[in-house]
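Student: turn this into a structure:
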Amino acid sequence: MQSPKPRRKAGPTTNGLDSAEKLDELLISSAICNGEDLGPFVRKTFGTGKPETLLHHLKLFSRSKESEIEEVCKAHYQDFIHAVDDLKSLLSDVESLKSALSDSNSKLQSVAAPLLSSLDSLVEAGTVSKNVDLAIGAVKHCVRVAEIASRANRHLQGGRFYMALKCVELIESELLEKTPSSTLKRMIEKRIPEIRGYVKRRVSKELGDWLVEIRVVCRNLGQLAIGEASSSRQREEEVRIKRKEAECVYTLNEEDIDGDEYESSDDDDAFDLTPLYRAYHIHQTLSLEDGFKQYYFDNRELQLKSDSQVSSMTPFLESHQTFFAQIAGFFIVEDRVLRTGGGLISKVEVEFLWDLAVTNMCAVLEDQFSRMQTANHLLLIKDYVSLLGVSLRRYGYTVDPLLEVLSKHRDKYHELLLSDCRKQMAEALSADKFEQMLMKKEYEYSMNVLSFQLQTSDIVPAFPYIAPFSTTVPDCCRIVRSFIEDSVSFMSHGGQLDFYDVVKKYLDRLLGEVLDEALLKLISSSVHVVSQAMQVAANMAVFERACDFFFRHAAQLSGVPLRMAERGRRHFPLTKSQNAAEETLSGLLKKKIDGFMILVENVNWTSDDVPQGGNEYMNEVIIYLETLVSTAQQILPAKVLRRVLRDVLAHISERIVGTLCGDLVKRLSMAAIKGLDVDIQLLDSFTEQLTSLLTEKEANEMKTAFVEIRQMINLLLSSHPEKFLNPVIRERSYHALDNRKVATVSEKLRRVEAKPKEQIVRHVDKEIERYTNHINRVKQAMSLNTILTWSLVFFLFLTVSDQKPTAYDAVKSYNLPPGILPKGVVDYELNRKTGDFKVYFNGTCDFSIQSYQLKYKSTISGVISAGQVKNLKGVSVKVLFFWVNIVEVSLDGGDLDFSVGIASASFPAVDFEESPQCGCGFDCNGLLFSS
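Tutor: The predicted structure follows:
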């Protein structure tokens, strides 16, 4: 039976040995007790030359096992006996082994002694080498720490704080714990917080300086950004103008436009964020990132609140650009920080700052706009705010609240603008001299005519050019154009795309209220003579063309197609002033005509002589009307002139009829009626001469202006006046006549005393008998009083008058040759007492005498005496390139002198015995002047 495996027991301990020996003894004892391999211990024991310990422990072990052996022997006696025998044999073997070991030990010690001494030297040398290696490693470590510390110092001195902190972090995290020198370690541990504190102070100071400097940078940056937005808008306007000119004049080369395209510069390059980012990076390195973010946001918020305050020391009009530029630059910087700051500021924080700024700006604008009383100031601030919006919209900021504030004050701006225009127009109209505008250069024509499309022809006139309008027209046009451009400028770039209706509404008010009222005031207060009224009427015709340009100009600036603007066009907005101008002109002309009509008092209404050339008043009227037309047709449009002339002719007709019906004419002769007929024929001739102004249809319509007097004369001269009683004939031929006026004139015609001549009496008797028979036939249809009244109209009286001498005979009576009057005199007037005279021709008369060209007007006047004519008017002679008036004609011996005041020319008097003919003078029948 196999014995159980003995348990391990701790070996006995021995006192008195040193610690190393005790440890060896314990190990040997434990190995023996546990039955472990003793080979290593044996080799070590003999190697040290001290086997006694092993033997001692073996003996002790054997003693300790004796009792066990004994028990085992008792239990297994035979086995024990065999074991004892084995043990004995073992002991003998041990003794032999001991002796062998002793011998081997002796030999080994003898052999290993020198080796052991060498080994001891080697171990000692290895220990020294190891210590040296450790020392060298420690020195190298310290040297590296010193080098990194020195590098950190250089970075600190060079301001490279991040590199210095990285060096400090490297020392602290990797080298400090391994530093063998406690002194160096303590010194480094002390300096690291100091270095970090120094870096924090330095970057905080740099950040503070940057925060101060960035305010100036923001202002400059905002001005730069707004300036670029303004330049971009100006370039867009220039391109728009070029395209407009291309559409109107020629096809524009696209390369010309593409070459001017706006290339926006990067505003971000205009400022440096390095101090901010370095401070942020340093604080990130110092693990102070959150605190730094909050510090930066709080400081920027305080700066924004400070920038949003309006200075009370400087007017807002002067400081508004700096105010808005500061805010614009602020948010340009914040946009850059948001995009490149690595989370330094969040989008929510930027939006918070922007909302704060917008609220403050809106409040400032509301307050300042409420105080402003000048439209130009509002426009300046509005333009700058819109440019601010354009600049910041590029960076994604919402500017709608600002634009809403601008739109809110739209009405106030236009009211102020209308007020300014009212003052400007009042000044412009008050300075009007009512004279046609003279333009000496082409640029003046372009500036005053072409720029407002006032020209009636595309042909550029020769210069100097006299325009049909006065200086008031282009001045007012400039005011209106400026109003349109200011209105469009205020409405544009404000977020509202379709604003033409607003511009048009206020343009209608400017024209219909401001300009129209100013013109009405001018007409009522400053127009006193015909020339002034004519100029104003001419101006109104030009304003009518200008108004078309104004609405087209407003549509073009508003980006509205012209066809839509034409479709929404209303009536002429200056109708009131236009009508007032024409009425004023007509009224002044009627007053002027009334001055000539006073000469009606000189008419002998009971004369038996028919004036051959018409009555004096009508000749004066015709002369004035001819002069008026020659002047008016140069400036007045044909339609205006037609309306005015029609009113004047109608007034002449009314005055003549009124004179016939009035108290001035007590009795009326048939010769006077025939004289009136001549007068009306003169009016007809005058109307027919207006071929350049009137078509045939218009001329016929013009004659209807004096239809009443025409029909009255036709009735009085009719051979069958009884036809007036026929309603159909009366409606067709006498529709303009009033029955009461006809009765009044007929009564006056009846009162004329008959000439005591037999033929007249016989004629009257016959007429009475004839019309008495007619009355009897129609008395059933009409009352007797009516018949008698109308029958008086048709009593025709023969007139016999003494013939007055001709004009040529009258000239001879003053010892002057008749040839000083050309052929064609139709009538003349002569006051024998004073010598005042007037000679009337069918029209103007031109002819040549030798090298002189003479011109007689349709009426000439002067003072005639024996052998002399003074104060001559209506006769002119062409000298070189100019026409000068002949003021005196005198007979000096056998010569006839013609004087123009500063010079005179003489001709033989015999050459003027015959009167020259218009056109050919004395050469018509081979009559030549004597040499």
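
Student: let's verify the nearest residue to Glu688 once chain neighbours are set aside: helix, strand, or coil?
Tutor: Excluding its sequence neighbours, the residue lying closest to Glu688 (CB to CB, 6 or more residues apart in numbering) is Ala699, at 6.2 Å. C-beta coordinates here come from the backbone N, C-alpha and C atoms, glycine included. Secondary structure, DSSP: H, G, I helix; E, B strand; the rest coil: Ala699 is helix.

Student: okay, Ala699: pLDDT?
Tutor: Among the per-residue scores, Ala699 shows a pLDDT of 74.

Student: and it, how many residues sit next to it?
Tutor: Look at Ala699: counted by other CB atoms under 10 Å, it has 17 neighbours.

Student: do Ser733 as well
Tutor: For Ser733, using other CB under 10 Å, the count is 16.

Student: before we move on, the earlier item: the residue nearest to Glu688 is in contact with Leu690, isn't it?
Tutor: Yes. Under the criterion of CB atoms under 8 Å, Ala699 makes contact with Leu690 at 6.7 Å.

Student: within the sheet, what are the partner strands of the longest strand along the chain, with directions?
Tutor: If you go by DSSP state E, the chain has its longest strand at strand 852-865. Note on strand 852-865: by DSSP bridges, its sheet partners are strand 836-841 (antiparallel), strand 845-849 (antiparallel), strand 868-879 (antiparallel).

Student: what about the strands in the protein?
Tutor: Applying DSSP E to the chain gives strands spanning 438-439, 465-466, 825-830, 836-841, 845-849, 852-865, 868-879, 882-885, 888-892, 895-899, 904-908.

Student: and the first one, what does it pack against?
Tutor: The one in question is strand 438-439. Strand 438-439 sits against strand 465-466, with contacts defined as 3 or more CB pairs under 8 Å, 6 or more residues apart in numbering; DSSP states H and E.

Student: for the strand it packs on, what is the distance to the chain centroid?
Tutor: In terms of CA atoms, centre = their mean, to the nearest Å, the centre of strand 465-466 is found 32 Å from the chain centre.

Student: over to stretch 177-189?
Tutor: Stretch 177-189 has its C-alpha centroid displaced from the chain centroid by 76 Å (CA atoms, centre = their mean).

Student: how about stretch 825-844?
Tutor: That offset, for stretch 825-844, works out to 65 Å (CA atoms, centre = their mean).

Student: tally of neighbours for Asn714?
Tutor: Asn714: 16 surrounding residues under other CB under 10 Å.

Student: once you drop chain neighbours, what's closest to it?
Tutor: Of all residues not flanking Asn714 in the chain, Ser733 sits nearest, at 7.2 Å (CB to CB, 6+ apart).

Student: picking that back up, what comes up buried for the longest strand of the chain?
Tutor: Across strand 852-865, burial judged by 16 or more other CB atoms under 10 Å covers Leu854, Lys855, Tyr856, Lys857, Ser858, Thr859, Ile860, Ser861, Gly862, Ile864.

Student: that older thread, need the strands of the chain in CSV with distance to Ala83 and mean pLDDT, can you?
Tutor: Below are these laid out as CSV (distance: least, CB to CB, whole Å; pLDDT from 0 to 100):
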stretch, distance to Ala83, mean pLDDT
strand 438-439, 156, 90
strand 465-466, 159, 86
strand 825-830, 194, 89
strand 836-841, 191, 91
strand 845-849, 185, 85
strand 852-865, 184, 90
strand 868-879, 182, 88
strand 882-885, 178, 79
strand 888-892, 194, 89
strand 895-899, 193, 87
strand 904-908, 193, 83
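
Student: figure out which of those is closest to Pro51.
Tutor: For those, proximity to Pro51 was assessed by CB to CB; strand 438-439 is nearest, at 145.4 Å.

Student: may I have the strands that pair with the closest one, each with its orientation?
Tutor: The strands that strand 438-439 pairs with in its sheet are strand 465-466 (antiparallel) (by DSSP bridges).

Student: how about residues contacting the partner strand?
Tutor: Outside of strand 465-466, the residues within contact range by CB atoms under 8 Å, 6 or more residues apart in numbering are Gln436, Met437, Leu438, Met439, Tyr445.
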